[in-house]
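K.L.:
here are the coordinates; sequence isn't available:
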């Protein structure tokens, strides 16, 4: 299998020469590796000594050390170089002017997971805004969307629910790379940022992660495997409920449930369409932290057996609707705060449309709900075409 060359690989292969003489900042984390498993900071520092003046870390930290939402990371310094590391998930979630004053170019190299609510897209957008205001250039080192770039799924985010887990009107599974989103954001927000995308070589839109030849390094503490990313566009909805999304286990998001969860009755009530491309294995677990810590939970482990057929958002919504109907006396929506939003329901921020919550609580069929967003998905696919960088 031939490796896909990421933007970072292309920097190493020769693109670094264009950066010579510029003071550089780098936004990256532990998953920002080339195909030889060297970090972005190592690659750039090795090729351009003394050019890296500032480092930045997204949610979970520059080294990916911090758990969960609204767990902030402090600012620090790199022990070897003494270069400051500014956290973009601290009391502020944007680069302030004093953080950018020592650089000419901000290089961004982050591994996204193809789901709207993953916060790296918002962090990138904040960087584009900050760079535009201060006259700095931004270079995105592009990486694969692990879910591929063909299939899109879910309703589009409503503008009144824009937040740090959804900065723009994208579907839950958006089918874009970070570079493509950067170009889109720069245009639709009218930022006029001096933006350059170092594209990948060898990546095609129909590729899933396992076809890239790249090593998976978890981009956040609860994204341990590519399989986690496959289920995440649906399974993230449990964050807006009192069910465990599997945090505190070794397979978060693939494993989920609660002490009151009746796996037999729930599975029997599901429409066969809900389990297309996946197998629901009844599974008991005891979370070591987070919801239901230390308590025995019953639920499922999702095995994705046909990724091309599996539709994670539909599957998880079907499961959620069944849980609401069967466990109405024990099921609860999580209350705010959630990702620095203190009034709106977390589930509304996650799903991106508050009417979906009400429809899930009603007797309306899920298939009918899905039909409502089919047209807007078709429009989105056409609309995004000018921003696509890969065939």
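P.N.:
Yep, that arrived. Since the structure is predicted, the reported quantities are computational estimates derived from the model, not experimental observations.
K.L.:
give me the number of residues near residue 233?
P.N.:
Around residue 233 there are 30 other residues, counting by other Cβ atoms under 10 Å. Glycine gets a C-beta too; all of them are placed from N, C-alpha and C.
K.L.:
check it and give its pLDDT.
P.N.:
Per-residue pLDDT puts residue 233 at 98.
K.L.:
so what's it up against?
P.N.:
By Cβ atoms under 8 Å, 6 or more residues apart in numbering, the contact set of residue 233 is 114, 115, 116, 147, 153, 154, 172, 173, 312, 313.
K.L.:
nearest residue to the fourth one other than its sequence neighbours?
P.N.:
Ranked by Cβ to Cβ, 6 or more residues apart in numbering and with sequence neighbours excluded, the top spatial neighbour of residue 147 is residue 114, at 3.8 Å.
K.L.:
I'd say that neighbour and residue 145 touch.
P.N.:
Yes - the criterion here is Cβ atoms under 8 Å, and residue 114 meets it with residue 145 at 4.4 Å.
K.L.:
tell me which of the contacts of residue 233 fall in helices.
P.N.:
Those of the contacts of residue 233 mapping onto helices are 312, 313, per DSSP state H.
K.L.:
if any of the contacts of residue 233 are buried, put those into a PyMOL selection.
P.N.:
The buried subset of these, as determined by 16 or more other Cβ atoms under 10 Å, is captured in PyMOL by this line:
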select buried, resi 114+115+116+147+153+154+172+173+312+313
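K.L.:
out of the contacts of residue 233, flag the one nearest to residue 247.
P.N.:
Nearest to residue 247 out of the contacts of residue 233 is residue 115 (Cβ to Cβ; 16.2 Å).
K.L.:
now do the contacts for that closest one.
P.N.:
The contact partners of residue 115, taken as Cβ under 8 Å, 6+ apart, are 147, 172, 173, 174, 229, 232, 233, 236.
K.L.:
and what of residue 7?
P.N.:
Contacts of residue 7 were listed using Cβ under 8 Å, 6+ apart, and they are 109, 140, 141, 142, 143, 179, 197, 198, 199, 200.
K.L.:
among those residues, which one has the most neighbours?
P.N.:
Each of the contacts of residue 7 was scored by neighbour count (other Cβ under 10 Å); the top score is that of residue 141, with 30 neighbours.
K.L.:
show me what that residue bridges to in the sheet.
P.N.:
residue 198 (DSSP bridges).
K.L.:
these two touch, right, it and residue 199?
P.N.:
No - the pair residue 141 / residue 199 is not scored as a contact, 9.4 Å apart, by Cβ under 8 Å.
K.L.:
which residues are in contact with both of these two?
P.N.:
Applying Cβ under 8 Å, 6+ apart, one finds that residue 141 and residue 199 are jointly contacted by 7, 10.
K.L.:
which residues in the stretch 51-200 of the chain form helices?
P.N.:
Along the stretch 51-200 of the chain, the stretches classed as helices by DSSP state H, counting those that start in this stretch are 97-100, 120-134, 178-188.
K.L.:
point out where the chain drops to low pLDDT.
P.N.:
Applying pLDDT under 70 to the chain flags residues 1-2.
K.L.:
report the buried residues of the lengthiest helix in it.
P.N.:
Longest helix in the chain by number of residues (criterion: DSSP H): helix 366-384. Neighbour-count burial for helix 366-384, counted by 16+ other Cβ under 10 Å, picks out 366, 369, 370, 373, 377, 380, 384.
K.L.:
how far off helix 178-188 does that helix point, in degrees?
P.N.:
80 degrees (axes from the mean of the first three to the mean of the last three Cα atoms, to 10 degrees).
K.L.:
and the residue most central in space within the chain, how far is that from residue 198?
P.N.:
Nearest to the mean C-alpha position of the chain, by Cα atoms, centre = their mean, lies residue 118 at 2.6 Å. Distance, residue 118 to residue 198, by Cβ to Cβ, to the nearest Å: 21 Å.
K.L.:
likewise residue 138?
P.N.:
11 Å.
K.L.:
before we move on, what about residue 4?
P.N.:
13 Å.
K.L.:
shared neighbours, the two?
P.N.:
By Cβ under 8 Å, 6+ apart, no residue touches both residue 4 and residue 198.
K.L.:
for the stretch 51-200 of the chain, which segments are assigned as strands?
P.N.:
52-57, 76-77, 84-87, 105-108, 137-141, 153-156, 171-173, 194-198 (DSSP state E, counting those that start in this stretch).
K.L.:
so what secondary structure elements neighbour the first one?
P.N.:
In other words, strand 52-57. strand 24-27, helix 40-47, strand 84-87, helix 97-100 (3 or more Cβ pairs under 8 Å, 6 or more residues apart in numbering; DSSP states H and E).
K.L.:
how about residues contacting it?
P.N.:
Residues from elsewhere that reach strand 52-57 (Cβ under 8 Å, 6+ apart): 23-29, 41, 44-45, 62-63, 73, 78, 81, 83-89, 95, 99-100, 102-103, 106, 127.
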